[in-house]
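J.: 3D model of this:
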Amino acid sequence: SRMPWYSRSVDSTYLTGKRVFIFADATHAVAAARMCAEKLGFAVVGIGTYAREFARDVRECAKRYGVEPLITDDYLEVEKRAAELQPELMLGTQMERHIAKRLGIPCAVISAPVHVQDFPARYAPQMGFEGANVIFDTWVHPLMMGLEEHLITMFREDFEFHDSATPSHLGSGGSTNWPAGSESPGSESQAAVDPADMPVSADASTITWAAEAEQELKKIPFFVRGKARRNTERFAEEQGIQTITVETLYDAKAHFGR
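T.: Residues are numbered from 1 along each chain as shown. Next up is the predicted model:
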């Protein structure tokens, strides 16, 4: 199984403490809660079911994780609870996928009601070691893809993500209108070393990074970490901030994500 290994690895920062809200038929909800809490390092912040005949089982499960159970077949109540909890991942039915989309929350379908698109045209067992990998992929990918889409939005003004940028497989030979102040990927000033791993030299505004902010920066995937650093420093310079803190990092993320 990849899950116990993954939950103990450095990459578990994607998962550890992530808040998950589960709403499905009773058997899937209870099993998913256990998998989330004991295998993947999630924090179960909500659980519920539309299967009233299994309400007792779900209530007992909710008590185990110290959360308030939701027993209802009204999707509006589910949406209200999700909006209140603001989880980082939802596991549910196709209806919860629609709810999550409206709320901007990653979601994976784990039980009926389902849509034809929820059935992959591939070998996808749910039990055993292979089944653990299938569940891992199903649940973790929404978080990963949600993060990537958010980062692309955040850095859409950078040269790699610029609307008029040449496709990456064409290299720097195409004619591309780069945003002011940016450099093409083929320029000599682009170092082979990840800019995020290089020390920050003091500029005109003598911007420095607090240790906590540096640690938070390392949680961002390496392939956009350099962009995050540069955008944050640009934001700090514009705001007249001398020392970049974790709050500055998130303020910059919100600024470039508008």
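J.: mind listing the helices for the protein?
T.: 2-7, 26-38, 55-64, 75-85, 94-103, 128-154, 211-217, 222-239, 246-256 (DSSP state H).
J.: what's the closest of those to residue 116?
T.: Nearest to residue 116 among those is helix 94-103 (9.9 Å), distances taken as C-beta to C-beta. Where C-beta positions appear, they are placed from N, C-alpha and C, glycine not excepted.
J.: what residues are up against residue 217?
T.: Residue 217 sits next to 196, 209, 225, 228-229, 232, 249 when contact means C-beta atoms under 8 Å, 6 or more residues apart in numbering.
J.: So which of these is the closest to residue 239?
T.: Distances from residue 239 to the contacts of residue 217, taken by C-beta to C-beta, are shortest for residue 232, at 10.5 Å.
J.: And for the closest one, the neighbour number?
T.: A total of 24 residues lie near residue 232 under the criterion other C-beta atoms under 10 Å.
J.: Next one: the nearest residue to it once chain neighbours are set aside from residue 214, what distance?
T.: Among residues not flanking residue 232 along the chain, residue 252 sits closest, at 4.2 Å (C-beta to C-beta, 6 or more residues apart in numbering). According to C-beta to C-beta, to the nearest Å, residue 252 and residue 214 sit 14 Å apart.
J.: about what we covered before: isn't the residue nearest to residue 232 right up against residue 230?
T.: No: using C-beta atoms under 8 Å, residue 252 is not in contact with residue 230, being 10.0 Å away.
J.: Those two - which one has more neighbours?
T.: Using other C-beta under 10 Å, the more surrounded residue of residue 252 and residue 230 is residue 252, with 23 against 15.
J.: since we're on residue 60, how many residues are nearby?
T.: 11.
J.: in this protein, which ranges drop under the pLDDT threshold?
T.: 1-14, 127, 144-205, 222-223, 257-258 (pLDDT under 70).
J.: Walk me through the domains of it.
T.: Following the TED database, one finds the domains of the chain at 2-154, 208-256.
J.: Quick check: the residue nearest to residue 232 vs residue 104, distance?
T.: 20 Å.
J.: and if you look at residue 228?
T.: Using C-beta to C-beta, residue 228 is found at 20 Å from residue 104.
J.: same deal with residue 81?
T.: Distance from residue 81 to residue 104, by C-beta to C-beta: 16 Å.
J.: do the same with residue 256
T.: According to C-beta to C-beta, residue 256 and residue 104 sit 17 Å apart.
J.: and if you look at residue 255?
T.: Distance from residue 255 to residue 104, by C-beta to C-beta: 18 Å.
J.: about what we covered before: which residues touch the residue nearest to residue 232?
T.: Residue 252 neighbours (C-beta under 8 Å, 6+ apart): 228, 231-232, 234-236.
J.: The same query, at a cut-off of 10 Å, please.
T.: 154, 228-229, 231-236, 238-239, 241, 244 (C-beta atoms under 10 Å, 6 or more residues apart in numbering).
J.: No further questions, thank you.
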